[in-house]
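Undergrad: Here's a sequence, model it:
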Amino acid sequence: MSRDSYRASSFLDSRIRSPGVGAIEVHLGELLDAAPEPMPRRPCRFIFHIGHTCSTLLANSSGELSGTFVLREPAVLLDLARWEDRGRLPHRYTVDRWSALRTSVLAMLAKTYDPGDVAVIKPSSLANGAMREVLLRPAHRAVFVYSPLRTFLSSLLKSEDNRADGVADLAVRLRAGRGRFRATSMRRQPIARQLAALWILHMDLFLELLPTVSPRRLRSLDAEDFVTAPADTLSHLGRLFGLEWSVADIASVVEGPVFRSDAKHPGRPYDARSRRVELSLAADAFRGEIDDAASWAAHVTRDRPIPGVLPRRLGGARAA
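TA: Reported below is the predicted structural model:
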């Protein structure tokens, strides 16, 4: 792929394949055997997220600014996360071999066309289990993008595709077997409660990481803060990532086409007002389901509550 084709690809998984595009599929073990030893280790920046929280827009706008090479949802991170979530290794892998594989994958993803650029990687929300291992290395930094529960539910309930994304994501989290819920109990719950459970599991994952990662390397971002004040958010993100973007350059991106089109479907006009209207309509249409799911979530988290505003807010403190 050329630099332009990376930039034009919304996602780096099976969705980029077409009859006119060639591809080579490589088993993870073959990838490790083919990797040179030792591979140069370069720092990466990560945009982790809980899904449907404007994370693709954040990645796209970051990619318009200097010093970045953006990778959106590379499939290999999902493969790694699936095993690391389970807490066990694939057959015939030792701990050392798996660690070497993870190191090689991150080294390959860190490669950029311009040696002065840094790779900004937005994994799929299904790959959030990779956060634990990725952030073990002090050179890596990350932001975790989320929405409050009611906003998250409105975002996923508003379309069948979004619901399907949420159900698939929940299945991954439940298979990991590390959270508050079990698959057998979740199957009996209404869809809105299932999506609330997904939100809880993602938020738990972030909160569990906080004691192990320095605030200089991991921050949280409420998607509404980004939508309301995109220039300020990008300025703070640049500082977190060690990239000092100018006020003028940020303003040019915020006022440009990236913020006037759908991040996943660039040909479709879409902006902050469109998002607010869609969420408002969904909140009204699914008010009963959202109220029930929010009450249920408050009940199941009463012993270990989730704060209304996550700690380590990008850009400073805010009252809950």
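
Undergrad: does Ile121 sit in a helix, a strand or a coil?
TA: Look at Ile121: counting by DSSP: H, G, I helix; E, B strand; the rest coil, its state is strand.

Undergrad: That one contacts Cys44, doesn't it?
TA: Yes - using Cβ atoms under 8 Å, Ile121 makes contact with Cys44 at a distance of 5.6 Å. For glycine as for every other residue, the C-beta is placed from the backbone atoms N, C-alpha and C.

Undergrad: so what sits against both of those two?
TA: Between them, Ile121 and Cys44 share these contacting residues under Cβ atoms under 8 Å, 6 or more residues apart in numbering: Leu109.

Undergrad: Of these two, which one has the most company?
TA: Ile121 (27 against 23; other Cβ atoms under 10 Å).

Undergrad: So in terms of bridging, what pairs with that one?
TA: Beta-bridge pairing for Ile121 (DSSP bridges): Phe46, Leu71.

Undergrad: so what's it scoring on pLDDT?
TA: With respect to pLDDT, Ile121 scores 96.

Undergrad: cool, and Val105?
TA: 89.

Undergrad: Quick check: it is in a strand.
TA: No - counting by three-state DSSP, Val105 is not part of a strand but helix.

Undergrad: what's the distance between it and Glu25?
TA: Noted for Val105: a distance of 15 Å to Glu25, by Cβ to Cβ, to the nearest Å.

Undergrad: For Ser61, which residues are in contact?
TA: Here Ser61 is in contact with Pro230, Leu234, Val253, Val254, Val258, Phe259 (Cβ under 8 Å, 6+ apart).

Undergrad: hmm, try it at 10 Å
TA: 54, 68, 70, 226, 230-231, 233-234, 237, 250, 253-254, 256, 258-259, 263 (Cβ atoms under 10 Å, 6 or more residues apart in numbering).

Undergrad: Does it lie in a helix or a strand, and which?
TA: helix 55-63 (DSSP states H and E).

Undergrad: before we move on, back to that, Produce a PyMOL select command limited to the buried residues of the contacts of Ser61.
TA: A single PyMOL command suffices to select whichever of the contacts of Ser61 are buried according to 16 or more other Cβ atoms under 10 Å:
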select buried, resi 54+68+70+226+230+233+234+237+250+253+254+258+259+263
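
Undergrad: Regarding Tyr146, what are the backbone dihedral angles?
TA: phi -140, psi 170 (degrees, to the nearest 10).

Undergrad: So in terms of bridging, what pairs with it?
TA: What pairs with Tyr146, by the bridge criterion (DSSP bridges), is Asp222.

Undergrad: Could you tell me the per-residue confidence at it?
TA: pLDDT at Tyr146 comes out at 98.

Undergrad: Would you mind listing the residues in contact with it?
TA: 48-51, 53, 55, 152, 199, 202-203, 206, 220-224, 306, 309-310.

Undergrad: Report the buried members of these.
TA: Judged by 16+ other Cβ under 10 Å, buried ones among those: 48-51, 53, 55, 152, 199, 202-203, 206, 220-224, 306, 310.

Undergrad: Go through the lengthiest helix in the chain and flag the buried ones.
TA: Longest among the helix segments of the chain by residue count, using DSSP state H, is helix 191-209. Going by neighbour count (16+ other Cβ under 10 Å), the buried part of helix 191-209 is 191-207, 209.

Undergrad: how much distance is there from stretch 114-128 to the middle of the chain?
TA: 10 Å (Cα atoms, centre = their mean, to the nearest Å).

Undergrad: Ends of that stretch, what's the gap?
TA: Criterion Cα to Cα, to the nearest Å; first-to-last residue distance in stretch 114-128 is 28 Å.

Undergrad: And for stretch 264-280?
TA: Terminal-residue distance, stretch 264-280 (Cα to Cα): 21 Å.

Undergrad: mind listing what the residue nearest to Leu65 when sequence neighbours are not counted touches?
TA: Closest residue in space to Leu65, ignoring its immediate chain neighbours: Trp245 at 4.8 Å, by Cβ to Cβ, 6 or more residues apart in numbering. Listed by Cβ under 10 Å, 6+ apart, the contact partners of Trp245 are 62, 64-68, 231, 234-235, 237-239, 253.

Undergrad: Can you list the buried residues in the host helix or strand of Met108?
TA: Assigned by DSSP H and E, Met108 belongs to helix 95-109. For helix 95-109, a neighbour-count test (16+ other Cβ under 10 Å) marks Trp98, Ala100, Leu101, Arg102, Thr103, Ser104, Val105, Leu106, Ala107, Leu109 as buried.
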